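*Asks:* Pasting the sequence and the predicted model now:
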Amino acid sequence: MDTGLLLQYLLIALAVVVSVWVVLKKQFPGFLRRVRGVLALWLVKPQRSSRLQAWGRKLAPEPSSGGGACGGCDSCGPKAPKQH
C-alpha cells in the first residue's frame, strides 16, 4: 500500500472516531457515562497492572451531583432579584 494512501486512511479513521465521540457525548450522555463506568471498573481490578488501574481511575466518570432530574444546573428555579 502506498504511504500517502495509508496516511489518508488513517486521517479518515481518526475523523470518524472523533465524530462518533462527539455524537455520543451530545446525543447519548447517559449511555456514554455507563460505558465509561463499566470500562473503568474493568480496568481497576486488582489483577490489572498499575498503569491500567491508573488509566481506569482517570477514565471513570465524575460523580453525579444528584441535583435534580435535569442535571442540577439550578437554572430552572426561582432567580434572586438583582441588586444595584
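*Replies:* Sure, I can see it. Numbers count the residues shown, from 1 in each chain.
*Asks:* hey, let's count contacts and neighbours off CA atoms from now on
*Replies:* OK.
*Asks:* How about residues contacting the longest helix seen in the chain?
*Replies:* Here the longest helix in the chain is taken by residue count, with DSSP state H as the criterion, and it is helix 3-27. The set of residues external to helix 3-27 that reach it, using Cα atoms under 8 Å, 6 or more residues apart in numbering, is 31-32.
*Asks:* what do you get for stretch 47-66?
*Replies:* For stretch 47-66, the external contacting residues (Cα under 8 Å, 6+ apart) are 33, 36-37, 39-46, 71-72.
*Asks:* what about it, distance to the chain center?
*Replies:* 12 Å (Cα atoms, centre = their mean, to the nearest Å).
*Asks:* send the alpha carbons of that stretch over as PDB?
*Replies:* As requested, the backbone C-alpha atoms of stretch 47-66 are provided in PDB (Å, rounded to 0.1, in the frame of the first residue of the first chain):
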ATOM      1  CA  GLN A  47      -5.100  -8.200  39.000                       C
ATOM      2  CA  ARG A  48      -4.500  -5.400  36.300                       C
ATOM      3  CA  SER A  49      -1.200  -3.600  36.100                       C
ATOM      4  CA  SER A  50      -0.900  -0.300  37.900                       C
ATOM      5  CA  ARG A  51      -0.800   1.600  34.700                       C
ATOM      6  CA  LEU A  52      -4.100   0.200  33.600                       C
ATOM      7  CA  GLN A  53      -5.600   0.800  37.000                       C
ATOM      8  CA  ALA A  54      -4.500   4.500  36.800                       C
ATOM      9  CA  TRP A  55      -6.000   4.800  33.400                       C
ATOM     10  CA  GLY A  56      -9.200   3.300  34.700                       C
ATOM     11  CA  ARG A  57      -9.400   5.800  37.500                       C
ATOM     12  CA  LYS A  58      -8.800   8.600  35.000                       C
ATOM     13  CA  LEU A  59     -11.400   7.300  32.700                       C
ATOM     14  CA  ALA A  60     -14.100   6.900  35.400                       C
ATOM     15  CA  PRO A  61     -17.000   9.400  35.100                       C
ATOM     16  CA  GLU A  62     -17.300  12.200  37.600                       C
ATOM     17  CA  PRO A  63     -19.700  11.500  40.500                       C
ATOM     18  CA  SER A  64     -23.100  12.800  39.800                       C
ATOM     19  CA  SER A  65     -24.300  15.700  41.900                       C
ATOM     20  CA  GLY A  66     -27.900  14.400  42.200                       C
END
